[in-house]
Each structure stands twice: as structure tokens, then as C-alpha cells.
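1. test case, fold it:
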Amino acid sequence: MYKKNALNFTLCFAIILAAFTLIFSQKQDSIDIPTLLREVKQKSDENWRKVITEHPNYTYKWRKVWRKADKNGKTEEKSELYELFFPTKCSVKKCRIVFVLLAEDGKSLSTEKIERQRAKAGEKLERIEGDARAQPLSSNQNVPLYWMKFVYYIRRPFSAEQKIIVSIDGQEVLEKSEFSVPTRELINGRETIVLSFRPRADAVFSEETKYMPQTEGKVWIDVADKVLMRLAIWQKGTKFAETTSGYLLEHAALVRDMTRTKEGIWFPRLGRVNGLDYPNLFTEMKSDFSIENFDYHYFKTEVKTVEINNSVEN
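-> Prediction:
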């Protein structure tokens, strides 16, 4: 009898908890959306200034993934995983991020190869920082604040010229869209406000975002920090099996996502343009391309004295 009552209690508790979670995620709020978006723009600008100032004090891992269909229609996937290091100072013409390749197509390189690359990376950083013209990285407050922008570009044959063919621009979304249906959702334990949006009928978009009139989407705003932390865009009329942010990140046409470090700064976590599953949305983009930034580590020292973690996450 006791076991039966305990089982019934556990079942009831689980049902109540599930119902509460559903109600919380679908709860609509009476929110002054224009005022909220103005505050989000201000707070996101402030956050990106911190990113510009502090990013040389971070190392992180950087994964890029391509998915495309071969001539038989079979999907091929390739990936590369890097460790990134920023110089603490550099000259304008030699200011480069230093990359260390850790894995290809999910397979880790040997320890010997990684250590050889790291030794060369240290030498590169010393040369960049030791240049007589090297200056500390600028914290100029007038630099462009691209806090939700992600671009996909191609190189022209036999040329170093790059052409941007698709971009995601969160600021353009805020400025040129109509927002509605505010709800709330918990993401990684943090409360967010979710707004649905559609581009305004009179909005004029750039060449890189000319796909926008065909789309709709959602933005997620961190309630505590008032930062735009997630953006998902898809073709109008697309039906999804779920509407949670995690599901939409996997199935949307365009995605931009941020992650909050222990120091309270929101850095880019994911950018994605998926032309493979949305072939009619983009003119030139027919593959699925994403870049993921993760494993952010903060340090306040010279790069050459940092002990580099040997672990590789695939």
C-alpha cells in the first residue's frame, strides 16, 4: 500500500512539474515590446564593447562544419576543430588570430602533431607581439558593434577576393521587423523572453540579407541581462515538430546564438546558414555551414605563459 501511494505521488508530481514547465514556456506576457527592444539594443551594445575589450584575454575552441549533397544526393559532412589564441598586441598589418588544428572530421590529431603546432603558435605570437610597431588591441568605442552578425562568404577563383553572399544581422532584424506573441522559456537555467517576428512589408534589406522578406523567426532575450542571446530564422510557412529553442536551433535556416562566460560577458557560441535544407531561400548558398565557439577560458597574463589544456572535445 505504501509503495502504491508513493508511486502515485511521484506520478502526480511529475505531471504537475511537466505542466508547470509547459505553462511557463508558453506563458504570454503583457510587455511593452518597443521599450524592451530599445533596452536590448543598449545592453547588447554595452556587452559587445566588453567583448571587443576582453576577447584577447580569452582562449577558446572553434569548430566549423560543412554539410552538402554530392552528385548522387547523398549528404557529406566535413568538420575541423581548432584552438584559437589572440595576440595581446600587434601592428595593424600583422594582427592575426593564431590557430591550432586539433581534429578533422571528428578524428583527433596525434599528440605529437598538436604539440608541434602549439610550439609554432607560440613562436607566431611572439613575433606578432614583438613587432616594433605592435600596439595593444584597440578598445575603440566607435568600432562597428556586430553583436549578432554572422556571414558566409566565398572566394573567387584564382583570387584572394572574398564575396559575402549571405549574412545574419540581428540588429537589422530588430530595426526592420514587427514583433509579437511574447512568451518565456528557460535556457540553461536562465529565464528568457521569446518574441516572434516577421520583417515589415516596407523594409528594405541589403544584398546579403535579401532573403529576409521570405522569412519569419524568433529572438530570445535574457531577462536578467537584457541581451539578445539567440536568434532563429526560417522560411515562412515552415512547420516544426517542436517550437523549443533547442529544436529550432537544429532545424532553422539561419541561427545566431550567444553564451555567457563566468565573467558575465556574452560571446558568440554558434552561427549557422543552412542552405542544404532550405534550397529555395538562398540564391548561391546550397550547403549547410556552421561555426561553433566553445570552451571559453579567461586569463590575465601573457599568452606565452599560459598552460594550454591538452584535452580535445570532438
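2. ok, Trp78 - contacts?
-> Small correction: residue 78 is Lys, not Trp. Val65, Trp66, Glu104, Asp105 (C-beta atoms under 8 Å, 6 or more residues apart in numbering). (Each C-beta comes from the backbone N, C-alpha and C, glycine too.)
3. could you do Gly217 as well?
-> With C-beta under 8 Å, 6+ apart, Gly217 has these contacts: Val173, Ser196, Phe197, Leu231, Ala232, Ile233, Trp234, Ala252, Leu254.
4. now Lys218
-> Val194, Leu195, Ser196, Phe197, Leu231, Ala232, Ser245, Leu248.
5. mind saving the C-alpha coords of the strand or helix carrying it as PDB?
-> Assessed by DSSP states H and E, Lys218 sits inside strand 215-222. The C-alpha trace of strand 215-222 is given here as PDB (Å, rounded to 0.1, in the frame of the first residue of the first chain):
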ATOM      1  CA  THR A 215      11.200  34.600 -43.600                       C
ATOM      2  CA  GLU A 216       9.900  34.700 -40.100                       C
ATOM      3  CA  GLY A 217      11.500  33.700 -36.800                       C
ATOM      4  CA  LYS A 218      12.100  34.200 -33.100                       C
ATOM      5  CA  VAL A 219      14.500  36.100 -30.800                       C
ATOM      6  CA  TRP A 220      15.400  35.200 -27.200                       C
ATOM      7  CA  ILE A 221      16.200  37.900 -24.700                       C
ATOM      8  CA  ASP A 222      18.000  37.200 -21.400                       C
END
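6. now do the helix or strand following that strand and strand 215-222, the angle between them.
-> Past strand 215-222, further along toward the C-terminus, the next helix or strand under DSSP H and E is strand 228-235. Put simply, strand 228-235 runs at 170 degrees to strand 215-222, going by axes from the mean of the first three to the mean of the last three C-alpha atoms, to 10 degrees.
7. and Leu37, its phi and psi?
-> In terms of degrees, to the nearest 10, the main-chain angles of Leu37 are phi -70, psi -30.
8. what's the closest non-adjacent residue to it?
-> Nearest non-adjacent residue to Leu37, counting by C-beta to C-beta, 6 or more residues apart in numbering: Leu174, 5.7 Å away.
9. and for the one you found, the neighbour number?
-> Counted with other C-beta atoms under 10 Å, the neighbours of Leu174 add up to 20.
10. same thing with the one 5 residues further on?
-> Phe179 has 18 neighbouring residues, counting by other C-beta under 10 Å.
11. that's a strand at it, yeah?
-> Yes - judged by DSSP: H, G, I helix; E, B strand; the rest coil, Phe179 forms part of a strand.
12. how many neighbours does Arg133 have?
-> Using other C-beta under 10 Å: Arg133 sits among 10 other residues.
13. mind checking how far it is from Arg190?
-> Distance, Arg133 to Arg190, using C-beta to C-beta, to the nearest Å: 43 Å.
14. do the same with Arg127
-> The value you get for Arg127 to Arg190, if C-beta to C-beta is used, is 41 Å.
15. let me know the closest of the contacts of Lys218 to Phe86.
-> Nearest to Phe86 among the contacts of Lys218: Leu231, at 25.2 Å, using C-beta to C-beta.
16. what sits against that closest one?
-> Met148, Ile168, Gly170, Val173, Gly217, Lys218, Val219, Trp220, Leu254, Val255, Arg256, Asp257.
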